[in-house]
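**Q** Let's see this in three dimensions:
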Amino acid sequence: MKKRPFVPNQLPMPELLDMQRLMFPLMNAGTKIAVYNEKLKSTKINHTNLLELFSLKEAVESTKIEGTQVTMDEMLNYRAVEKKATNDILEVINYMKALREGTNLLARYPISSNLIKKLHQVLMQGDARGSSSVAEGEFRTIQNFLGPKGATIENATYIPPEPQLVPEYMSNLEKYINNNEDDLPLIKVALLHSQFETIHPFTDGNGRTGRILVPLYLFSEKVIDEPNFLVSESLEKDKYKYYALLNSTRVVIPDKEYYPKEYELKKKEAKKSMTEWVEFFLNACVIQADKNINKIDSVNMLYDATIAKAKNISNTTTIIDVIDIIFMYPIFTTANIREHIEISVSTLNNYLNKLCESNIIYSNGAARNRKYYFYDLISIIN
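**A** Residues are numbered from 1 along each chain as shown. Model (predicted):
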């Protein structure tokens with residue numbers, strides 16, 4: 001039988017959720033995220049710098065789900081000494097830019113199709129993967145499909161809705177996002193993510209765009225104080241389960257009037273699948289919140305220990321300033337530090353040599369563009 005494009009249900013669809021089953025994971029996720037939010041307010045280092053590292057980790061993990069090979073260490077090296085970016089690095093950079101652009105736009109506008117198109121435009125800039133065959137920031141006008149490498153539409157894993165229906169479905173999604181009657185944003189964000197991926201409104205870049213919408217939506221609903229709760233690390237760990245559960249939500253429910261028996265069976269199947277997806281997403285939020293809480297605690301302890309060691313080297317505020325920059329750039333050059341604080345080359349080199357002698361940081365020993373590595377922090381972020 002020839003496969004046909006999927007016809008999704010429009011949102012909301014409360015009848016397709018087992019709320020009794022979801023109540024505990026919902027409460028658990030909400031509690032964990034609230035604890036993470038509070039932890040961020042008490043970080044020993046500048047929390048903006050910490051969030052920059054968290055966001056970079058998110059960008060690496062989100063693009064990795066889509067097949068990039070770039071690592072966190074490679075991105076930290078790139079930040080230290082910017083050189084020509086590979087396509088994989090460019091994809092991560094674009095992800096970071098899109099997250100910042102979305103945050104800026106949310107200060108003026110609600111989440112809308114236009115905002116989503118802007119995110120996509122930024123994501124696909126330059127030579128990022130898929131950009132050459134994609135209309136940046138425009139909904140698709142052709143039929144797309146999902147499947148393993150080399151798949152055709154005949155043996156596709158999933159065929160999204162026909163292109164002429166995309167604006168209608170995205171309009172429904174936009175209304176759902178901005179309907180304030182629903183007071184369960186963590187349930188809602190799981191549903192809007194699955195619906196966005198089901199619509200697959202762009203020719204490419206849908207996964208990256210959909211995952212960026214998660215923190216932006218939670219930020220807009222004041223679940224988090226900044227758009228910094230990023231779940232791609234947890235999703236990447238269970239990537240194939242993530243894809244399988246998303247795909248399982250795409251159940252065709254026949255017309256009740258003409259097929260009453262089949263309708264009840266398919267509705268039951270859809271409710272089970274949608275509930276399993278939301279439960280998985282909520283549990284991913286719990287796992288990610290726990291990881292972030294542990295990272296913040298570890299960074300705080302490392303900061304205290306590093307400051308104590310640094311004061312044994314020099315009891316000046318300048319070396320504290322140097323340490324603060326090192327916590328921003330776990331891989332760095334002297335130029336990175338001197339961009340942020342006024343310090344002579346000789347004084348800085350003296351501090352760095354002593355930090356190396358104390359085994360706080362390590363150098364690659366290069367005569368030019370020498371790089372330093374703060375492995376304790378790199379280990380925590382990774």
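**Q** Buried residues, the helix or strand containing V322. List them.
**A** In this assignment (DSSP states H and E), V322 forms part of helix 317-326. Neighbour counts over helix 317-326 (16 or more other CB atoms under 10 Å) mark I319, D321, V322, I323, D324, I325, I326 as buried. Where C-beta positions appear, they are placed from N, C-alpha and C, glycine not excepted.
**Q** cool, and stretch 68-78?
**A** For stretch 68-78, a neighbour-count test (16+ other CB under 10 Å) marks T68, V70, M72, E74, M75, L76, N77, Y78 as buried.
**Q** residues contacting the third one?
**A** Residues touching M72, when contacts are defined by CB atoms under 8 Å, 6 or more residues apart in numbering, comprise L56, K57, V60, I378, I381, N382.
**Q** any idea how far it is from K44?
**A** Applying CB to CB, to the nearest Å, the value for M72 to K44 is 22 Å.
**Q** go on, the second one?
**A** When CB to CB is the yardstick, V70 and K44 sit 29 Å from each other.
**Q** likewise the last one?
**A** Computed with CB to CB, the distance linking Y78 and K44 is 26 Å.
**Q** Tell me the buried residues in the helix or strand bottoming out on mean pLDDT in the chain?
**A** One helix or strand of the chain scores below all others by mean pLDDT, DSSP states H and E: helix 232-237, with a mean of 84. Buried residues in helix 232-237, counted by 16+ other CB under 10 Å: S232, E233, S234, L235, E236.
**Q** Please save the CA atoms from that helix in CSV.
**A** Only the C-alpha atoms of helix 232-237 are listed here, as CSV (Å, rounded to 0.1, in the frame of the first residue of the first chain):
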residue,chain,number,x,y,z
SER,A,232,19.2,18.2,24.1
GLU,A,233,21.9,16.6,26.2
SER,A,234,19.4,14.2,27.7
LEU,A,235,17.6,13.7,24.4
GLU,A,236,20.8,12.9,22.6
LYS,A,237,21.7,10.2,25.1
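**Q** what packs against that helix?
**A** helix 47-65, helix 260-313 (3 or more CB pairs under 8 Å, 6 or more residues apart in numbering; DSSP states H and E).
**Q** which residues sit against it?
**A** 57-58, 61-62, 64-65, 211, 242, 284-285, 287-288, 291.
**Q** I'd like the next helix or strand past it.
**A** Following helix 232-237 in sequence order, the next helix or strand is helix 239-248 (DSSP H and E).
**Q** Surely P148 is in contact with Y158?
**A** No: the pair P148 / Y158 is not scored as a contact, 11.5 Å apart, by CB atoms under 8 Å.
**Q** ok, these two, which is more surrounded?
**A** Neighbours were counted for P148 and for Y158 using other CB atoms under 10 Å; Y158 has more, 18 against 8.
**Q** Name the nearest residue to the more buried one, sequence neighbours excluded.
**A** In space, and not counting its chain neighbours, Y158 is closest to L146: 4.4 Å by CB to CB, 6 or more residues apart in numbering.
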